[in-house]
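Engineer: the following comprises the amino acid sequence and a computationally predicted model.
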Amino acid sequence: MPGSSPPGMGGTYVTPTTGNGISRRGVIGSAAAAGAAGWLAGSGTAWAAPQGAGRAGNLTERIVRDAALRWRRMPGDWKDGPFLANGLLGVQVYRGATPNSVKVMVSHSQVQDQRPQWRAPYGFSRLPIGHFDLTLAGEVTGIDWTLDLWDAELRGTVTTTRGSVRFSMLVHNTRTALLISTRPSAGEREAAWSFTWLPAASPRTKDKPADYTGNPDPRTGSAGDTGYVEQPLIAGGGWTTAWRERRVGTGRLLAAHIVYRYPGDLSRTTELAVAEVARTLAADPDDLVAEHRAWWHRFYRRSLLSVPDKRLQDFYWIQLYKAACATRADGPSMSEWGPWYPETGGSWTAVWWNLNVQIATWLIQGSNHLELDSVTSTFKDFEKYLPLSVPPEYQDGQTYALAHPSDWMLRPGAKTVGIPGTSTKTDNNGNLIWAMHNVWLSYRHTMDTRIVRDVLYPILVKAVNFYDHFLYEGGDGKLHLPLTRSPEWADAEDCTYDLSLLRWGCATLLDCLRILRTDHPRAGRWREIVKRLVDYPRDATGVMIGAAKPLTESHRHFSHMLWLYPLHELDWDRPGDRDIMRTTFDHWVKDRALWAGYSYAAASSMASRMDRPEEALDFLTFFTGGNAINNAWMTPNTMYVEGGNLGIESPLTATQSVLDMAVQSHGGVVRVFPSVSRRWPDASVASLRAQGAFLIDADRAGGRTRWVRVHSEAGAPLVLDHGIRGAVDVRDERGRRLRYRETGPGRIEIPLRRDETAVVAPRGTHPDPGPRDVPAVGDAKPWGLPD
C-alpha cells in the first residue's frame with residue numbers, strides 16, 4: 001500500500017488496514033491511572049498496570065515512583081514533553097499539528113549520514129526519522145499523564161470533545177521497540193494512527209557546505225498488515241521504520257521498530273524491521289513488559305540518595321533515568337541530543353567532545369552506574385579512528401587526537417585538530433586527554449586494571465605524544481607550549497587548559513606503569529615533562545587563561561580551571577593550595593553574564609571541593625530552578641535549552657553536583673557528607689561508589705552524621721573522612737571491632753581487605769544502618785506540567 005508526498009516535504013503514511021477491512025487506527029495519549037491495575041491485562045493488546053503505585057513496595061521503589069513527572073496540560077514540544085528511550089530508540093510526546101492530534105516523535109542514536117567528505121555535523125549528522133500522529137475524533141480538552149520512572153512507562157488519558165483515550169507507552173529496554181497500548185472510549189473509536197516521515201537531511205544551518213544536499217525521499221509501503229518507510233542514504237544503506245497495530249475488541253497495541261544498517265541492502269533492512277515487528281507482536285505483552293520493568297528496577301536498586309529538598313531529590317532520580325535512556329556501556333556514546341531528535345533547535349547534530357560528553361557522563365561513577373559507561377567502551381571499540389583527527393603531517397602511527405564533533409564512532413569527517421603555533425590552531429587539542437580522564441575515573445571507581453591496560457594506557461600514550469610534538473624549551477629552562485586556543489575564549493601561549501591536561505596525562509601515564517608493572521621507552525620523557533613543564537600563568541586574579549592573557553570578562557567555560565576540577569591537581573586539604581584555588585574561583589564566578597547551565601553545575605562542584613556548602617547549594621538551585629541564564633535555561637521536563645538548541649549535558653552535570661555534596665573521593669580520601677548545607681539537616685545515601693572501588697552508605701540527621709558504612713570491592717587502601725563528631729567505634733557487619741588509625745580530625749585509615757565492610761559510628765552507639773527517605777523541607781511540585 002505505497003504512499004507518496006511532495007519531494008523534500010516529508011510525508012504521511014497511514015497504517016495499513018486489517019484483513020477484515022477495519023482501518024488500523026491507534027491512539028496516543030494517556031493511560032490508566034497507576035491504581036487501575038490490569039485494566040487491559042490478558043487482552044493481547046496491553047499489559048498489567050503496576051499494583052499500588054509503589055506505596056507498598058520497597059524504599060527505592062517508593063522514592064523513584066514519587067519522582068514521576070506529571071502533565072495536566074498539553075506539552076508543546078521537546079522542551080516540556082515526556083521522553084522515553086533505551087539508549088538507542090528515543091521517543092518524545094507532545095502537541096500535534098492540529099487541535100485534535102498528539103505527536104510521538106521517534107529517533108535513534110545510530111541513525112546518521114555517512115559522508116565523510118564534510119565535517120561531522122553534516123557528513124555524519126544525526127538525521128530525523130519522523131513521528132507517529134494520533135488523529136482524534138474530537139479536539140483535545142485535557143490530559144492526565146504520568147511518566148513513571150520506576151517502570152520507565154508513560155501512562156494516562158487524553159480527553160477530547162468526543163470522548164477519551166487511555167494509554168500506556170514504553171520503549172522496550174532490550175527489543176528496542178516502541179509499544180503503545182490504547183483503549184479509546186466509544187466516542188473516540190475512530191481515533192487513528194499515521195506516520196509522517198521527515199526529510200533525511202541535517203537540520204544544522206551553521207557553516208553549511210555549499211555542495212551539501214539531503215538524502216533522497218523514502219519509499220513507503222506495506223508487507224501484509226505492517227506498514228513501513230524505507231529511507232535510503234546517498235552513501236548507501238539506510239534505515240526502515242516499520243509498525244503494525246494489533247486490535248482485540250476495543251483494545252489496541254501498536255508496535256514499531258527502526259532498523260539502521262550501513263552499509264547494507266536496504267531491502268534486507270526492511271525485511272529485518274518487518275520481522276522485528278512481527279516478533280514483538282507475537283510475544284505476550286505482559287511478558288515483554290515484565291522483562292522491560294525488571295531491567296529498570298535492577299537499575300534503580302544499584303544506589304540510593306535522599307535529601308530534604310524533594311524537588312531536587314526528584315531531579316536527581318530523573319537524571320539517572322535520563323542517563324539510562326541516553327546511553328549504555330557498549331552502546332553509542334552520548335551525543336548532545338541523547339537518542340532524541342529536537343524538532344526545532346537541532347544545531348548540535350553529532351557528538352561534542354570539547355566538554356559536553358565528558359561532563360554529561362561524570363554522574364555514572366558516583367551513582368554506581370558503570371553499566372552506562374559508553375565513554376570507555378567507545379574508545380575501546382573505535383580507537384582505530386583516532387588517527388583521523390591528527391593533522392596529516394603528524395600521522396606517524398604514534399600520535400592520537402580527537403577533533404570535535406565526531407560521530408559515535410569517533411570519526412570527525414573532514415576535520416582534524418589544528419596545529420599549535422600556526423594559523424590552523426583550534427581549541428580541540430585537549431579533547432582526547434580530557435576524555436581519558438573520564439576513563440581514568442572509571443578505573444579508579446572499579447579498580448579494574450583491564451580498563452587501564454586495554455583503553456586508558458595505550459590511548460593516553462599517543463594523546464600525550466601529540467602535545468610533545470610542540471613542546472619547546474624556553475629561556476627559563478622550562479618546557480612551553482606555543483600558541484593554542486583556550487576553549488571558546490582566546491588564543492594564548494602556555495594555555496592553562498592545555499598545560500593542565502598535558503601535566504595530568506604524563507602523571508597518569510607514570511601511574512599506569514606502576515599499575516601494570518611495566519615500563520615504556522618514553523617514561524623518562526613523561527617524568528621530564530612533569531618536572532619541567534612551565535607553571536600556570538598567574539596574576540592578581542589567580543590562574544590566567546594563558547601567558548599574558550587574564551580572564552577579563554564573563555566566561556562560561558571553566559577550561560582554565562581544570563587543574564582545580566575535575567583534575568584535582570591542587571587540593572583544598574593542602575593549606576598551601578587554598579589561596580590560588582579561592583582567588584581563581586572567586587574571580588571566575590564574579591561575572592556570570594555569559595554563563596551556561598553547566599557553568600553553575602561546575603561552580604557548585606568546585607564550591608563543594610572548597611568547603612563552601614551554602615554556595616554550592618545556591619549555584620545548584622539557581623540552575624535547577626529554571627532561571628534564564630543568558631540564552632539558556634532548564635526546562636519543565638529537565639531538558640536544557642541553549643541558544644534554542646537541545647543539549648542534555650547541563651542537567652546531567654548538575655547531578656554530579658548533588659553527588660559531590662554527598663560523597664567525594666579525590667586525592668586518596670573518601671569524604672562522607674563533605675559539603676551538605678545547613679539547610680539540609682538530614683540526608684541518606686546507599687551504595688554510592690567512591691574511588692578505590694568502595695560502596696558508601698551513610699546517614700545524617702539533625703545536622704550530624706549518624707553512621708557510615710564502607711564496603712571494599714578491591715581491597716584498596718581506605719582513608720575515610722567520616723565527618724562524625726568526637727570519638728568513634730569501627731566494627732565489621734557482625735559487630736566485631738576493626739583496627740583503624742586516626743590520621744587527622746575526623747579522618748581514619750582502615751585496613752579493609754577485598755569484600756570486607758566497616759561500620760563507623762559515634763563511640764558507644766550501635767546503629768542499625770539502613771537507607772531512608774529523609775523528611776522534606778518545604779514543598780515540591782512534580783516536574784513536568786502538573787498545573
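Structural biologist: Right, received. Where do you want to start?

Engineer: how about the helices in the stretch 101-250 of the chain?
Structural biologist: 120-123 (DSSP state H, counting those that start in this stretch).

Engineer: before we move on, what about the stretch 301-450 of the chain?
Structural biologist: 310-326, 356-360, 363-366, 374-382, 431-446, 449-451.

Engineer: ok, the residue positioned nearest the centre of the chain - contacts?
Structural biologist: The centroid of the chain falls nearest to residue 323 when counting by Cα atoms, centre = their mean (4.0 Å). If you count contacts by Cβ atoms under 8 Å, 6 or more residues apart in numbering, residue 323 has them with 361, 363, 364, 369, 372, 652, 655. (C-beta placed from N, C-alpha, C; glycine too.)

Engineer: just confirm the fifth one contacts residue 329, I think it does.
Structural biologist: Yes - between residue 372 and residue 329 a contact is recorded at 6.3 Å, counting by Cβ atoms under 8 Å.

Engineer: okay, these two: which has more neighbours?
Structural biologist: Shown here are residue 372 and residue 329; by other Cβ atoms under 10 Å, residue 372 has more neighbours (22 against 18).

Engineer: buried stuff in the longest helix belonging to the chain?
Structural biologist: The residue-count maximum for a helix in the chain (DSSP state H) belongs to helix 496-516. By 16 or more other Cβ atoms under 10 Å, the buried positions in helix 496-516 come out as 496-509, 511-513, 515.

Engineer: and the angle for it with helix 431-446?
Structural biologist: 40 degrees (axes from the mean of the first three to the mean of the last three Cα atoms, to 10 degrees).

Engineer: packing partners for the next helix or strand after helix 496-516?
Structural biologist: Downstream of helix 496-516, the next assigned helix or strand under DSSP states H and E is helix 523-532. Applying 3 or more Cβ pairs under 8 Å, 6 or more residues apart in numbering; DSSP states H and E, we find helix 523-532 packed against helix 457-468, strand 479-480, helix 496-516.

Engineer: in JSON lines: those, plus distance to residue 68 and mean pLDDT.
Structural biologist: As requested, the helices and strands packed on helix 523-532 are exported to JSON lines (distance: least, Cβ to Cβ, whole Å; pLDDT from 0 to 100):
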{"stretch": "helix 457-468", "distance to residue 68": "41", "mean pLDDT": "98"}
{"stretch": "strand 479-480", "distance to residue 68": "55", "mean pLDDT": "98"}
{"stretch": "helix 496-516", "distance to residue 68": "41", "mean pLDDT": "98"}
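
Engineer: including distance to residue 291, could the ones you listed go into TSV?
Structural biologist: Output for the helices and strands packed on helix 523-532, formatted as TSV (distance: least, Cβ to Cβ, whole Å):
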stretch	distance to residue 291
helix 457-468	36
strand 479-480	56
helix 496-516	39
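
Engineer: of the ones you listed, which is nearest residue 581?
Structural biologist: helix 496-516 (13.3 Å; Cβ to Cβ).

Engineer: can you give me the strands for the stretch 51-200 of the chain?
Structural biologist: Assigned by DSSP state E, counting those that start in this stretch, the strands in the stretch 51-200 of the chain fall at 69-71, 83-85, 89-95, 101-108, 130-135, 140-148, 153-160, 164-171, 177-184, 192-197.

Engineer: next: the stretch 651-787 of the chain.
Structural biologist: With DSSP E, counting those that start in this stretch as the criterion, the stretch 651-787 of the chain has strands spanning 663-664, 670-672, 683-690, 694-701, 704-712, 718-721, 728-731, 741-744, 747-750, 757-762, 784-785.

Engineer: so what touches the third one?
Structural biologist: Going back to what we said before, that points to strand 683-690. 302-308, 365-368, 370, 445, 659, 662-663, 665, 670, 673, 676, 695-700, 771-774.
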